[in-house]
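Q: Provide a 3D model corresponding to the input given below.
(one chain, ligands or ions: 1)
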Amino acid sequence: MTRLGLSVHDVLTTTRSVRKRLDFDRSVDDNLLRECLDYTVQAPTGSNSQGWRFVVVTDPEKKAGLGELYRRGWEQYAGMSASALSLAGGEDSERATQQMRVMQSAAYLAENMHRVPAMVIPCLPGRINQSGFGATSSLASIIPSTWSFMLAARERGLGTCWTTIHLLFEEEAAELLHIPYEEVSQVALITVGHTLGTDFKPASRDGGAAAVTSWNTWD
Ligand SMILES: Cc1cc2nc3c(=O)[nH]c(=O)nc-3n(C[C@H](O)[C@H](O)[C@H](O)COP(=O)(O)O)c2cc1C
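A: As a prediction, this is how the structure comes out:
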């Protein structure tokens, strides 16, 4: 089975960050990854620049190397987040509980990163050291295409998670994968694997879209 037959509505509302429900023991067929990657190049890019590149990692040694970098990054990040969480707890405990669940799930992924069946690293040309117009144009020329990949994956029974922690050691990851660091920026590391079960729920977001949308003027 390579398609779940989900509606557009279901794909758009149930594509979650999958960590604990990833099947680490089932490999992902290269052709299934190719099918999902085909959607990436249908996304928009600034000035139709099409500078996107995707590095797919399935080699166990390379995954182990990236897993090690990720775990090192996680240790740094988890320490910072723990203090942020204790602050958040005082203000809104429901939100803090949700964050705690995310942290536990993220810790599980960090421990098991090397077991993830496939990793996809979206890249864009140049180093991201601009601000404003330049930076947003660069990033927005790779993020929609990567999200298309993740949506297509969901419809095929694959779970993904957008991760960025390995970027704390981006140069080392570049060396491992022979990515020319000075000329190419890695934007994320998308973990990919078959999901354990295929039923996922819409997320609970504070107030929904209405709470974060203004019409015609900010206030
Ligand atoms: C820019 C960005 C960076 C993220 N980095 C990580 C990460 O390094 N590790 C991780 O486990 N999840 C990461 N996530 C996933 C978020 O934690 C997740 O989207 C959030 O908790 C909401 O959960 P949901 O995607 O299931 O709705 C990242 C998401 C985004 C958009």
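Q: state the mean pLDDT of the longest strand along the chain.
A: Identified as the longest strand of the chain according to DSSP state E is strand 118-125. Average pLDDT, strand 118-125: 98.
Q: what residues does the protein have near the ligand?
A: 16-17, 19, 102, 106, 109, 161-165, 203 (Cβ under 6 Å from any ligand atom). All C-beta atoms are positioned from the backbone trio N, CA, C, and that covers glycine.
Q: and of the residues you listed, the nearest to residue 33?
A: residue 161 (15.3 Å; Cβ to Cβ).
Q: in a strand, that closest one, correct?
A: Yes: checked against DSSP: H, G, I helix; E, B strand; the rest coil, residue 161 lies within a strand.
Q: hmm, it is touching residue 20, no?
A: No: Residue 161 lies out of contact with residue 20 (Cβ atoms under 8 Å); the separation is 10.4 Å.
Q: and the two? Which one has more around it.
A: Under the criterion of other Cβ atoms under 10 Å, the comparison of residue 161 against residue 20 puts residue 161 first, with 20 against 13.
Q: for this protein, what spans make up the strands?
A: Counting by DSSP E, the chain has strands at residues 53-57, 118-125, 158-163, 184-186, 189-194.
Q: check those strands for me and report the most buried one.
A: Neighbour counts (mean count of other Cβ atoms under 10 Å) averaged over each of these peak at strand 189-194, with a mean of 24.
Q: ok, what's across the strand from residue 161?
A: Beta-bridge pairing for residue 161 (DSSP bridges): residue 191.
Q: quick one, what contacts it?
A: Residues in contact with residue 161, defined by Cβ atoms under 8 Å, 6 or more residues apart in numbering, are 17-19, 109, 190-191.
Q: give me that answer again for 7 Å
A: Shown in contact with residue 161 (Cβ atoms under 7 Å, 6 or more residues apart in numbering): 17-19, 109, 191.
Q: of those residues, buried ones?
A: Listed as buried from the contacts of residue 161 are 17-19, 109, 191; burial here means 16 or more other Cβ atoms under 10 Å.
Q: pull the contacting residues for the residue nearest to the spatial centre of the chain.
A: Centrality entry for the chain: nearest residue to the mean C-alpha point is residue 162, 0.9 Å, by Cα atoms, centre = their mean. Counting by Cβ under 7 Å, 6+ apart, residue 162 makes contact with 17, 188, 190.
Q: alright, calling it a day.
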